[in-house]
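Student: give me the fold of what follows.
(chains A and B)
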Amino acid sequence: MQTETTPRTQINGVNVEALLGAREALENAPPAAEFVWKATSEWKDGAHTRTTIGDFFGLGENQARGKTFEIDTDHPEIFAATDYAPNPLEVVLAGLAGCLTAGIASVAENRGIKLNSVKATLEGDMNLYGILGIDSDVRNGFRSVRVKYDIDADASQDDIAALVAQSQKRSAVFDIITNPANVFVTVE
Amino acid sequence: MKSSTVIIIGAGQAGLAMSRHLTCRSVDHVLLERGEVANSWRTERWDSLRLLTPNWQSRLPGYAYAGPDPDGYRTMPETVDFLSGYAAQISAPVETGTTVLDVQQTETGYFVRTDRGDWQCCCLVIASGACNIASKPRAAADLTGVNSITPMDYRNPDQLERGGVLIVGASATGVQLAREIQRSGRQVTLAVGEHVRVPRTYRGRDIEYWMDITGIHTTGLNEVDDIGRVRDLPSMQLIGTPERQSIDLNALQSEGVRVAGRVMDAAGSKVRFSGALANICMLADLKMNRLLSTVDAWIDQYGYTACGPREARAAPTALPAEPLLEADLKADGIRTVLWATGYKPDYSWLSVPVLDRKGRLRHTGGVVDAPGMYVLGLPFLRKRNSTLIDGVGEDARVLSDHLYSHLNAAAAAA
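Tutor: Residues are numbered from 1 along each chain as shown, chains lettered A, B, ... in the order given. Model prediction:
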């Protein structure tokens, strides 16, 4: 049973105790677990859009961050665009990489595995026949996504594979990509 | 109104084991049984089912297998005979054909209304099982134009229309029915969520043997870090066959079964599957190999020799290059959807406020959150093997101790 009271030393910079504490607290306060992530966006020119991210809602109230982040998206030149920024699909890949890798670090921390380096290469397959309306049997988005991890850690190959598997099991972005969600787009 | 110190609801293995312990303590009790002894085994299982645990493993208090085939797996009629033999041996006071309609708390215990008269008791033992109702995901209600059945309705492939079958769920029930239905000449598509892959035998012994002897089966509540997760684990992918075959997704695919991810939603005749199948299978492969390594480590640690040499790990689960993400059941010729998505207990007759927000009994190791009320046979009630015939006897012993103390305390207070 858990008898240690001294704080654990962090090996991957993840505060596991805070995460486990949050889990315990939220289990007894279901409404506090309802979060809303937010973004606002504004069209600039051509395919270029700037999205601004700041506050979010969680733990029953608005969470003011006191700062904002900007993510620009555009399309590459071969789409006759300015290529000012990554295209939205590439940002989705970035979201997946960020989510899975944060998960790997957390699970590794919890399992006492020290990570030396974690690199991922992501690829998403897409057939333009979908978005161009050439073939209605071809979907618009990714048909498949491949993520290849190259991980150096003080652990066996199986233990590293288990980190990556557990991270997928608990990843929000992985879930969004692999499973459907209702999306409601309205005009005010 | 009839009266008994203890009323046990259900005369399956759990109720009988409790009856035996109460008899040993001379505690007056009665078992109320809606059908006959071992009713669920008699009436709610498919024809080909055999127990997933070997014959030797069904050890009940004062009763065990004594036949010539300790490593075999009982058919349902054999299981019914086994439990009926137990009921006779312990002279269990069973009121058969008695369905409990309502249970209410009283000042001194419980009031139990049945279709054959009313009872009062000081203590109540719920031994009506964990598998009374087949659970279906929400998507089941959104499908139209196909036959939708559950394992509770299923007896054999002959009852199914010709045409393809979508089986949702790949735990013990789903994989067994996938094999049987595919062999009947119907194309099976198996929607696979989280599952537990194990080989039937390892190093010459049944996997159940290893889980028993290494103590995995008797892992207790205090030894797991997340009891909610462990209680929700799906059953192991096992089948009881005379040939002691393993059944996994590789074996099923080699027989022609198509695999897809978990069913996420449905509309009309269209079903969408999760794209997370590869990871679900990776998790199952890793966990299986961890279990086998635990067995190896135990064998090394104790210098155990009554087994075969270390075996190579089974091949990782092979999947199609691009597993199915959606299916139009009508276009694919699928006529039947079989929801092998788990079971849950039925407490519709229980008018005592002891259920949590998800409709589960609030209990600690089988001691329910109401004085003198107990439950047996739920997943990881006290130990990993609490749902097995083999595990319920020990749970009944511990809970009968608690019950006896409760009766003494109540008597002293009166």
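Student: backbone phi and psi for whatever residue of the stretch 1-150 of chain B ends up closest to chain A, please?
Tutor: Closest to chain A within the stretch 1-150 of chain B is residue B:139: 10.6 Å, counting by CB to the nearest CB. The C-beta positions use only the backbone N, C-alpha and C, and glycine is treated the same way. Main-chain dihedrals, residue B:139, degrees, to the nearest 10: phi -60, psi -30.
Student: and the closest residue to it other than its chain neighbours, what does it touch?
Tutor: Excluding its sequence neighbours, the residue lying closest to residue B:139 (CB to CB, 6 or more residues apart in numbering or on different chains) is residue B:266, at 4.1 Å. Each residue near residue B:266 by CB atoms under 8 Å, 6 or more residues apart in numbering or on different chains is listed here: B:139-140, B:142-143, B:272.
Student: what's the per-residue pLDDT of whichever residue of chain A sits closest to chain B here?
Tutor: Nearest residue of chain A to chain B: residue A:178, at 3.6 Å (CB to the nearest CB). Predicted confidence (pLDDT) for residue A:178: 93.
Student: ok, for it, nearest residue in space, not its chain neighbours?
Tutor: That would be residue B:275: by CB to CB, 6+ apart, it lies 3.6 Å from residue A:178.
Student: before we move on, which element is the one you found in?
Tutor: Element membership for residue B:275, per DSSP states H and E: none, as it lies in no helix or strand.
Student: neighbours of it, how many?
Tutor: 24 (other CB atoms under 10 Å in any protein chain shown).
Student: got phi/psi on it?
Tutor: The phi/psi pair for residue B:275 (degrees, to the nearest 10) is phi -90, psi 10.
Student: residues in contact with it?
Tutor: A:177-179, B:261, B:323, B:325.
Student: tell me how many other residues surround the closest residue to chain A within the stretch 51-200 of chain B.
Tutor: When distances are taken as CB to the nearest CB, the stretch 51-200 of chain B reaches nearest to chain A at residue B:194, 8.2 Å away. Close neighbours of residue B:194, defined as other CB under 10 Å, add up to 16.
Student: tell me the secondary structure at it.
Tutor: Taking DSSP: H, G, I helix; E, B strand; the rest coil as the rule, one finds residue B:194 in the coil state.
Student: which intervals of chain A have sub-threshold pLDDT?
Tutor: A:1-7 (pLDDT under 70).
Student: just the CA atoms of whichever helix in it runs longest, as PDB, please.
Tutor: Longest helix in chain A by number of residues (criterion: DSSP state H): helix A:88-110. The C-alpha trace of helix A:88-110 is given here as PDB (Å, rounded to 0.1, in the frame of the first residue of the first chain):
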ATOM      1  CA  PRO A  88      -4.400  22.900 -40.900                       C
ATOM      2  CA  LEU A  89      -3.800  19.100 -41.400                       C
ATOM      3  CA  GLU A  90      -0.200  19.600 -40.400                       C
ATOM      4  CA  VAL A  91      -1.400  21.400 -37.300                       C
ATOM      5  CA  VAL A  92      -3.600  18.400 -36.500                       C
ATOM      6  CA  LEU A  93      -0.500  16.200 -36.800                       C
ATOM      7  CA  ALA A  94       1.200  18.500 -34.400                       C
ATOM      8  CA  GLY A  95      -1.700  18.200 -32.000                       C
ATOM      9  CA  LEU A  96      -1.500  14.400 -32.200                       C
ATOM     10  CA  ALA A  97       2.300  14.400 -31.600                       C
ATOM     11  CA  GLY A  98       2.000  16.800 -28.700                       C
ATOM     12  CA  CYS A  99      -0.800  14.800 -27.000                       C
ATOM     13  CA  LEU A 100       0.800  11.400 -27.400                       C
ATOM     14  CA  THR A 101       4.200  12.600 -26.400                       C
ATOM     15  CA  ALA A 102       2.900  14.400 -23.300                       C
ATOM     16  CA  GLY A 103       1.100  11.100 -22.500                       C
ATOM     17  CA  ILE A 104       4.300   9.100 -22.900                       C
ATOM     18  CA  ALA A 105       6.200  11.400 -20.500                       C
ATOM     19  CA  SER A 106       3.400  11.200 -17.900                       C
ATOM     20  CA  VAL A 107       3.100   7.400 -18.100                       C
ATOM     21  CA  ALA A 108       6.900   7.100 -18.000                       C
ATOM     22  CA  GLU A 109       7.000   9.300 -14.900                       C
ATOM     23  CA  ASN A 110       4.400   7.300 -13.200                       C
END
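Student: quickly check: that helix near chain B or not.
Tutor: No. Helix A:88-110 lies out of reach of chain B by CB under 8 Å from any CB of the partner chain, never closer than 10.2 Å.
Student: what's the following helix or strand after that helix?
Tutor: strand A:115-125.
Student: can you list the strands that that next one pairs with?
Tutor: Strand A:115-125 sits in its sheet next to strand A:144-153 (antiparallel), going by DSSP bridges.
Student: may I see the buried residues of the strand it pairs with?
Tutor: A:145, A:147, A:149, A:151, A:153 (16 or more other CB atoms under 10 Å in any protein chain shown).
Student: now the second one, nearest residue through space, not along the chain?
Tutor: Using CB to CB, 6+ apart and skipping residues adjacent in sequence, the residue nearest residue A:147 is residue A:122, 5.2 Å away.
Student: CA atoms only: put whatever helix or strand residue B:166 lives in into CSV for me.
Tutor: Per DSSP H and E, residue B:166 falls inside strand B:164-168. Extracted in CSV, the C-alpha atoms of strand B:164-168 (Å, rounded to 0.1, in the frame of the first residue of the first chain):
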residue,chain,number,x,y,z
GLY,B,164,-23.4,-12.2,-42.6
VAL,B,165,-23.2,-11.6,-38.8
LEU,B,166,-21.6,-8.6,-37.1
ILE,B,167,-20.5,-9.6,-33.6
VAL,B,168,-19.8,-6.7,-31.3
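Student: and that strand, anywhere near chain A?
Tutor: No. On the criterion CB under 8 Å from any CB, strand B:164-168 is out of touch with chain A, staying 15.0 Å away.
Student: list the buried ones in the helix or strand following that strand?
Tutor: Proceeding N to C from strand B:164-168, the next assigned helix or strand is helix B:172-183, under DSSP H and E. Within helix B:172-183, the residues scored as buried using 16+ other CB under 10 Å are B:172-182.
Student: for residue A:40, what are phi and psi?
Tutor: According to degrees, to the nearest 10, residue A:40 has phi -120, psi 150.
Student: is the spatially closest residue to it that is not a sequence neighbour part of a helix or strand, or is it coil?
Tutor: If the residues on either side of it in the chain are set aside, residue A:40 comes closest to residue A:52, at 5.2 Å by CB to CB, 6+ apart. Three-state assignment for residue A:52 (three-state DSSP): strand.
Student: circling back: contacting residues for the residue of the stretch 51-200 of chain B closest to chain A?
Tutor: B:234, B:262, B:280, B:283-284.
Student: recalculate using a threshold of 7 Å.
Tutor: Each residue near residue B:194 by CB atoms under 7 Å, 6 or more residues apart in numbering or on different chains is listed here: B:234, B:280.
Student: contacts for the strand holding residue B:166?
Tutor: Contacts with strand B:164-168, where a contact means CB under 7 Å, 6+ apart, come from B:174, B:177-178, B:181, B:186-191, B:263, B:329, B:332-341.
Student: again, but for stretch B:44-56
Tutor: In contact with stretch B:44-56 (CB under 7 Å, 6+ apart) are residues B:65, B:67, B:69-76, B:79, B:151-152, B:154-156, B:172, B:180, B:206, B:208, B:238, B:240, B:388, B:390.
Student: perfect, I'm done here.
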